[in-house]
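Q: What shape does this take:
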Amino acid sequence: GTYTKVTVDAKGRVTASSTLVASDIPPLPTSIIGSGTLGVANGGTGAATLAANSVLLGNGTSALQAVAPGASGNVLTSNGSTWTSAASVANWAAPGTIGSTTPNTGAFTTLMASGNVGIGTTNPTSMLHLASAGSVELKLQADTNNSGETDNPTVRFSQDGGIVTSRIGFDSLNDFVISNEYASSLSLGTAGQARITINSNGNVGIGTTAPNNLLNVSGTTNSTTVFANQMQSWVVPGIPTVKNSNSAGIAVGSFETGIVGRGRMDLMVSGAPVAGNTWGLVPDVAVMSLLGNGNVGIATTAPAATLDIVGKASASDGFGTLIQSSQPANNFTGIGAANTWYATGETLTITVPAGATRRYRIVYRQLAVNSNWGTMWIGLSTANPVSNGLIMQSASYMHPGQYQTLNGEMYVTLSGGTTTTYYMGIYITNTPSGQAVLNGSGNGRNYCDLFAVQM
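A: Sure, this is the predicted structure:
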């Protein structure tokens, strides 16, 4: 008979045959193949053994190649034609935009062995270091679809295991927020020093890191001399070619030397715009000074009285109450003979602060007397007993049994650093009876207000 590959006779003897091919062999499990090497073309490795933990590389129809792991920390590296196990380099040396198929030149991103990451630099000195020969901008963009007001860009800072935190960014109201979320202060500074401090209570300090009021402005000095430093100022900007700036401010310091010197506050305005006051930007004229002893000065920073005015002054009612006379306890009575000056017992003492001469307005008012017929004169004298040399006079014709009220004023100019006492006197001319007698019942002098006002 005839079979695939062979022919036999009636007795079963092979009379003819042909060569076997691979397809003539039926599929067999690998478990029954006990010898030989399966080539790459038939799906094998072409190798009798492979090194443990090696990486296999294709080698055409030849046996596969193996790359050993090498030293600890090595990475699989391509040299352009094959792969090798090599030590890690200090940076990602294939420059170019991440995801780009066309490399640029120069380092793009560098990862140091320390963990520092550099963008634009091959030597990052911090955990994240951005560098450029031009401007550098770090951009955080949130809510790109403008659909959620709670999607906000924020930079958050944290330390001490997350207990202390702060943040910078926008909130849901689109307000920009710089916040210390811990119960501590927030400071803004220059030259390495805090200039503005907001403490956990909300108090704001300028020049102090420990504000104890809603707004605390402070200056520092090691001097024990008298000083007054500008603490606050307000400016109305100038208009080019039209007018210069104007300013006002407050200066605080002391008016006494030494560590226990009492305080002084000056109210300042800018004088004529000159280079010295930066053309009106700096208030340089003290118009009023308040001292820690209660004295107030106008046009002087060293007031020597409760109210000390240098220059002219005026009051709407014509009278002042700055220096008051010393009045006697009892009314004067029984002057007696006419044509004679009698002291009323009322005196006025003016002490002029050291320095320039000053002008004073002396006022008397509401002097009421009861006399016989005659003409009465009122005057002030620097002599005691009152005599000639009166410097202020006023006359009124007297009627028996009637009170007369007199008012008058005068001006004097006194030298600085001097003290002058004035004595008040009364003079009555001849009467029909030849005698001018004040009422002797105790009502001869009712009252008198005597004042001096610095002008």
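
Q: number of nearby residues for G408?
A: Neighbour count of G408, defined by other CB atoms under 10 Å: 16. No exception for glycine: its C-beta is placed from N, CA and C like everyone else's.

Q: please begin residue numbering at 272 from this point
A: Will do, 272 is the new start, and the previous item becomes G679.

Q: Doesn't it lie inside a strand?
A: Yes. Using DSSP: H, G, I helix; E, B strand; the rest coil, the assignment for G679 is a strand.

Q: Identify the bridge partners of it.
A: Y635 (DSSP bridges).

Q: Please tell me how far it sits from I633.
A: Separation of G679 from I633 (CB to CB, to the nearest Å): 9 Å.

Q: Please name the residues that touch the residue nearest to A342 when sequence neighbours are not counted.
A: In this structure, A342 finds its nearest non-sequential neighbour in A358, 6.6 Å apart by CB to CB, 6 or more residues apart in numbering. A358 is in contact with A342, G344, N345, V346, counting by CB atoms under 8 Å, 6 or more residues apart in numbering.

Q: Neighbour-wise, which one of the residues you listed leads?
A: Going by other CB under 10 Å, N345 tops the contacts of A358 with 15 neighbours.

Q: how many other residues sit next to the residue nearest to S289 when sequence neighbours are not counted?
A: Leaving aside its sequence neighbours, S289 sits nearest to K276 (CB to CB, 6+ apart; 5.1 Å). Number of residues near K276 (other CB under 10 Å) recorded here: 12.

Q: is it true that K276 touches S294?
A: No. K276 is beyond contact range of S294, at 11.4 Å (criterion: CB atoms under 8 Å).

Q: Give the residues shared as contacts by those two.
A: Counting by CB under 8 Å, 6+ apart, nothing touches both K276 and S294.

Q: residues contacting S686?
A: Counted by CB under 8 Å, 6+ apart, S686 has contacts V623, T628.

Q: Torsion angles phi and psi at it?
A: For S686, the backbone dihedrals (degrees, to the nearest 10) come out as phi -80, psi 150.

Q: Please apply the same query to the one 10 residues further on.
A: Phi and psi for G696, reported as degrees, to the nearest 10, are phi -130, psi 160.

Q: Tell me how far it lies from E617.
A: 9 Å.

Q: For these two, indicate the residue with more neighbours.
A: Between G696 and E617, G696 has the larger neighbour count (other CB under 10 Å), namely 25 against 21.

Q: Who does the more buried one form a beta bridge with?
A: Going by DSSP bridges, G696 forms beta bridges with A614, G650.

Q: Can you list the low-confidence ranges for the stretch 622-726 of the chain?
A: 635-645, 658-678, 699-722, 724, 726 (pLDDT under 70).

Q: how does it look with 50?
A: 705-708, 710-718 (pLDDT under 50).

Q: measure the closest residue in space to G440 that isn't next to it in sequence to F447 for me?
A: Closest residue to G440 apart from its sequence neighbours, by CB to CB, 6+ apart: T425 at 3.4 Å. Going from T425 to F447 by CB to CB gives 11 Å.

Q: between these two, what contacts are shared?
A: In contact with both T425 and F447: G440, F441, using CB under 8 Å, 6+ apart.

Q: The two - which one has more neighbours?
A: Counted by other CB under 10 Å, T425 and F447 do not tie: T425 has more neighbours, with 13 against 8.

Q: the strands in the stretch 522-671 of the chain, which residues?
A: 534-540, 556-562, 567-569, 578-580, 594-595, 612-622, 629-641, 645-652, 663-669 (DSSP state E, counting those that start in this stretch).

Q: Tell me which other helices or strands the fourth one touches.
A: For strand 578-580, the elements it packs on are strand 567-569, judged by 3 or more CB pairs under 8 Å, 6 or more residues apart in numbering; DSSP states H and E.

Q: Next up, phi/psi of the residue positioned nearest the centre of the chain, please.
A: The chain has I467 as the residue nearest its centroid, 3.9 Å off, counting by CA atoms, centre = their mean. With angles defined as degrees, to the nearest 10, I467 sits at phi -130, psi 130.

Q: what residues are up against the nearest residue to it once chain neighbours are set aside?
A: Using CB to CB, 6+ apart and skipping the chain neighbours, the partner closest in space to I467 is L459 (4.5 Å). Shown in contact with L459 (CB under 8 Å, 6+ apart): A465, R466, I467, T468.

Q: Can you pick out the most distant pair from those?
A: Greatest spacing in the contacts of L459, by CB to CB: R466 and T468 (8.1 Å).

Q: what do those two both touch?
A: S458, L459.

Q: These two: which is more packed in?
A: Counted by other CB under 10 Å, R466 and T468 do not tie: T468 has more neighbours, with 20 against 14.

Q: before we move on, back to that, now the strands of the stretch 522-671 of the chain as JSON lines including distance to N324?
A: Formatted as JSON lines, the strands of the stretch 522-671 of the chain follow (distance: least, CB to CB, whole Å):
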{"stretch": "strand 534-540", "distance to N324": "84"}
{"stretch": "strand 556-562", "distance to N324": "89"}
{"stretch": "strand 567-569", "distance to N324": "95"}
{"stretch": "strand 578-580", "distance to N324": "99"}
{"stretch": "strand 594-595", "distance to N324": "109"}
{"stretch": "strand 612-622", "distance to N324": "107"}
{"stretch": "strand 629-641", "distance to N324": "106"}
{"stretch": "strand 645-652", "distance to N324": "122"}
{"stretch": "strand 663-669", "distance to N324": "122"}
